[in-house]
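Undergrad: need a structure here:
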Amino acid sequence: MSIKHIYKLALTVGFLAVSGFVTRSVAQRYPSQETFGKNRVQYKTFNWKIFRTTNFEIYHYQGGTALAKLTAQYAESEFDRITDVLGWTPYSRVKIFLYNSPAELEQSNMGLSTLDNLNEQKLDLSQSRVEVAYTGDQVGFRKKLIKDISLLFVYDMLYGGNMKEALQSSLLLTLPEWFMAGTAAYIAEGWSPELNDYMRDFFKNRNVRKPTLMTGNDATLIGHSIWNYIAERYGKDKISDILNLTRIIRTEQTSITSTLGIQSYNRFLRDWRAYYLNQSKNAEQFYTDPNPSWKYKLNEFSTSDANAVIKVSPDKKFTAVSEIKNGRYKVYLFNSESGSKKIIRQGKLDIIGGRMKTQPPLLGWSRNNTLSILANENDRKNFYMYENIGTKKVKVKLRRNIRGLDQIVDMDISNDGTMLAVSADKGGQNDLFLISVARASLLPLTSDLYDDLSPRFVQGSSRRVVFSSNRPLDSLGTGDKGNFKSISGSFSIFEHDGTPKSNDLVKLLQTDGKTKVLPVYANENDVVYLSNAKGVNNLFRYSRASNSSVQLTNYIQSIRNADLTLQSGGGLAYTYLNDGYYTAAFKNGFDLNATVNTPVLSNGAANAGTDKNAPAAVKTDSAAKVAAQTETPKMVLKEGEVDTENYEFDEDVLKAFESRQRRGTFQNTPGTLTRTKATRENIAIKGPYPYKGLFVTNDASSDWRIDPIRGFGYAQSISMNDLLENHIIKAGLFISSNFRNSDLFAEYSNNTYRIDFGVRVDRKSLYIDSEGTPQKYRFNQLMFTASYPFSTTSRFSVSPMFTSTRMIDMDISMLSTPDMASSYGGVRSEYVFDNSRVNGMNMIEGTRFKIRYDSYLGLSNGNESFNRVSIDFRHYQKIHRDLIFAIRAAASHSGGKAPKQSILGGMENWLGNKKETRTGENPLNFQGDNRDIFFADFATNLRGFNLNRLSGTSYMLLNAELRIPLVKYLYRGAITSSFLRNFQIVGFGDIGTAWTGKGPFSENNSLNTQIIGSEEDPFRATVTNFKNPYLMGYGVGARTTLFGFYAKFDYAWGVDNGYTNKPIPYVTLGYDF
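TA: Below you'll find the model as predicted:
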């Protein structure tokens, strides 16, 4: 950021601090104000530029210029088709933020400043932006790009074009997850073999009757199938009709039945089910279930886009499988005979929410059962070779860091272990490379836009490679580098001799249409490959001698990944979808001469995919005969009738019509626009322009707050950031109902680099009128912060600070008395861990905790120095579906020459705000100087007691809640009422204590020691009690959204030294504990 922008930024922060827009406070900490949150780790600095087209802005950085132009061409060429299907055109340019790889997308700060109740995807949609990373191949990237753009357009159509409209619309329009995601998937792909594969598994093994029950990828595929069914049976024009009606009447079920003319929504679902069940039954006549020797359930399809990688050792003894689950990768080693397994390598991935498909570690076997693993770790591509597999002395034989490539999508290793063949992208294009294992040096074999996938060494060679590619020619020296028009979804199999800079290719297998083929195994005679040519992904064998292919397997569920060996009778390792899970399997025995033959399964779907340049699929003879037999018979017309399907206009009338069109005197009637618009051929791309850090308002919110000391008040906050969210400004105020108490703060964060920096200013004022003795307190603090994120879930921060407090006695008789003031220099160190994820309003899963140490050095008086160490641990455990068991453990201890108090009891933001009346040491006593109140910790929740029930320099507190979203748990459909959707009933228990001195059971602490008599009395007595130091509370409660606020009601009984008190009702505002 330039000096000019930083100067403007500083002025903005200063203005906000003076004018007072803020919410949080540093002193007087409360549980709800503890900030956790995830991080983004920047391993490189991004220099952003912008390309502009008619409808899009493409934000890109170094190394992505060519890809950005291609992205602009892809997006503009599909714009008319997408808007035509939807019947909707956005009002403004769409911002596309392009990343060179998924690993670099995870370094983006966008989404970190989102609200807790608005997930990252919805934030992107509401701000008309798309974040997309290059997937490693052009076809996959184009499909992902169109899908994301389509989803954005659907969201814009249904919810409005900004966050405010989106939040307002979300209160009135609640759609099931399948609705929008399925629309985008259908527009991007149309029908696909993967869709039919999923539906066969869905109806055979799961058979869920309500689409609203599905989430994640399941919801996307179910929605995809519903829209595909509507397009096939009723026509694609019905899609836009349903979407527009949904926007108006705000219910998808009525929109579908009214548009399609169906009696009921249940009838529609029955017809949809019957459509795919019939397709499944037809497939079962010719295809069989896999019958592996063993199988192992991997990650769930609904929560993961990443398919597993599987490889079998040359001698068939071992099978290696890699997968990603819960942000970690694992590499399993299976005994191929028994199916027993062990983990040979695992590691953590820096991913948040799975924004992009992440590649599991790539695997390969070489001679002597040496296992190779290529894993992405901390933005590095690390290669490992393990030896002594099958013994107790498995060890890493070799480590290498592969540089010069953005990402590697597939890999094979030669039998002698000296060379890697990889499909990788560099600068936004996928190419084929050989990599020397010894030196980790790159030898490029291809260099163009065409995709080169699934490289496999020819057995016995460390140079010759067969691979799949969508290139149209079998030569590299023609000058054809490819463009957005020539990239198709039709793949063929080629062979390269491995000589660098060689232009010679051998096309082994030619395919037509959108068939995708992936080599699995190759030798001098045959090439075994995966193909979806017949509608299901199965294995085929290409014979070099006969130049023909035969089918080897007829599994009814598509083979996702496969590897085989022919030694010791052969063996086949593969993955497939089974019962909603990716499944790894091994089949002992595999014969290349055992062939099968199945018919081509009809797709039964219109071609709505993005690949318009690919030729149509060639029908087999049998399919052509069937098509000929099912042609619509010619209509027999009576005298005077007109065949409207083959009507020909009179030539003179047609010429007159065209002449009026050219002169502009013919008025187009609404609704007569053609459904097929012309494809944009000449796409103007302007730029690149430099990125300027223009600030936009991200969030402006207000709420009511009940402060334990200052009472009822109003809080207003604002948050601003640049488009990349590298620079964030937050500011706000709190003002009490008497207008004499206030909090102000302003905060700036710079998250551009590996270390995050921030600065924060706080100013507080407190007015107390205690028994006619008015007092005014002031608190000022300036804090600088440097934060080092270890990963996306953990960080360490150091914050030097300067703090001052002041008490002004407003009593007229004390006007000559000088103000009492103190100043401190200090430092705060803090470690934060957070792997939690938000699944709904006050519905959290995972763990978050914070350990903090504060040290304050008295500058005006050394005897005022103090320190405090505190911990806050929270865990949210999913029990069943949406049932969450939440537990929180918190503790604090203050030491030094002037330790500060912690105040235990009651609830935060309590409308009753009742405080305990105490005659002994009371931190809320303002009879004298009480500037220490600014450093007090309010230890809540301890339900069943009033505020300030106990206090001390130390406290411990444990909370447990069982959160049951009653309506959402019992009813799995779409719930339009926010009151019912967010309604929870809660059972809870609290236990805690606070003390000054030694431990809570010690004789010498504030709990067990009571002084009788005042300092003026001639005799004083110290009485030691031995009571139970812990206070306990238990009860039930309810939470929901009410009038735009998240309100909580709790009814609690308190237990003190074995005695149960009268129950206390609590009405509070706020989330979580």
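Undergrad: domain-wise, how is the protein divided?
TA: 47-171, 174-285, 294-588, 835-1000+1027-1073 (automatic domain parsing).
Undergrad: now do the end-to-end distance for the last one.
TA: Using CA to CA, to the nearest Å, the gap from the first to the last residue of domain 835-1000+1027-1073 comes to 18 Å.
Undergrad: one more: the second one?
TA: End-to-end distance of domain 174-285 (CA to CA): 41 Å.
Undergrad: give me the mean pLDDT for it.
TA: Averaged over domain 174-285, pLDDT sits at 90.
Undergrad: what do you get for the third one?
TA: For domain 294-588, the per-residue pLDDT values average out at 89.
Undergrad: any idea how far it is from the chain center?
TA: The chain centre lies 27 Å from the centre of domain 294-588; the measure is CA atoms, centre = their mean, to the nearest Å.
Undergrad: please begin residue numbering at 501 from this point
TA: New numbering, starting at 501: the last item is domain 794-1088.
Undergrad: related to what we said a few turns ago, turn the domains of the chain into a markdown table, including distance to Arg540 and mean neighbour count.
TA: Placement of C-beta: from N, CA and C, glycine included. Below are the domains of the chain laid out as a markdown table (distance: least, CB to CB, whole Å; neighbours: other CB atoms under 10 Å):
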| stretch | distance to Arg540 | mean neighbour count |
| --- | --- | --- |
| domain 547-671 | 5 | 20 |
| domain 674-785 | 23 | 19 |
| domain 794-1088 | 7 | 19 |
| domain 1335-1500+1527-1573 | 14 | 18 |
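Undergrad: can you redo those as CSV with distance to Thr1293?
TA: Putting these into CSV (distance: least, CB to CB, whole Å) gives the following:
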stretch, distance to Thr1293
domain 547-671, 12
domain 674-785, 21
domain 794-1088, 8
domain 1335-1500+1527-1573, 4
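Undergrad: ok, which of those comes nearest Ser1294?
TA: Evaluated with CB to CB, these place domain 1335-1500+1527-1573 nearest to Ser1294, the distance being 8.6 Å.
Undergrad: quick one: mean pLDDT for that closest one?
TA: pLDDT averaged over domain 1335-1500+1527-1573 gives 90.
Undergrad: what of stretch 590-599?
TA: Average pLDDT, stretch 590-599: 91.
Undergrad: do the same with stretch 649-657
TA: Mean predicted confidence for stretch 649-657 is 91.
Undergrad: show me what it is in contact with.
TA: Contacts to stretch 649-657, defined as CB atoms under 8 Å, 6 or more residues apart in numbering, come from residues 575, 578, 582-583, 586, 588, 590, 594, 596, 622, 624-626, 628-630, 666, 680-681, 683-684, 687-688, 743-744, 747.
Undergrad: circling back: closest one to Ser1265 among the domains of the chain?
TA: Ser1265 lies closest to domain 1335-1500+1527-1573 among the domains of the chain, at 10.6 Å (CB to CB).
Undergrad: distance from the chain centre to that closest one, please.
TA: Distance, centroid of domain 1335-1500+1527-1573 to centroid of chain: 30 Å (CA atoms, centre = their mean).
Undergrad: same deal with stretch 559-570?
TA: Distance, centroid of stretch 559-570 to centroid of chain: 24 Å (CA atoms, centre = their mean).
Undergrad: mind checking the end-to-end distance for it?
TA: Chord length of stretch 559-570, first to last residue, is 12 Å (CA to CA).
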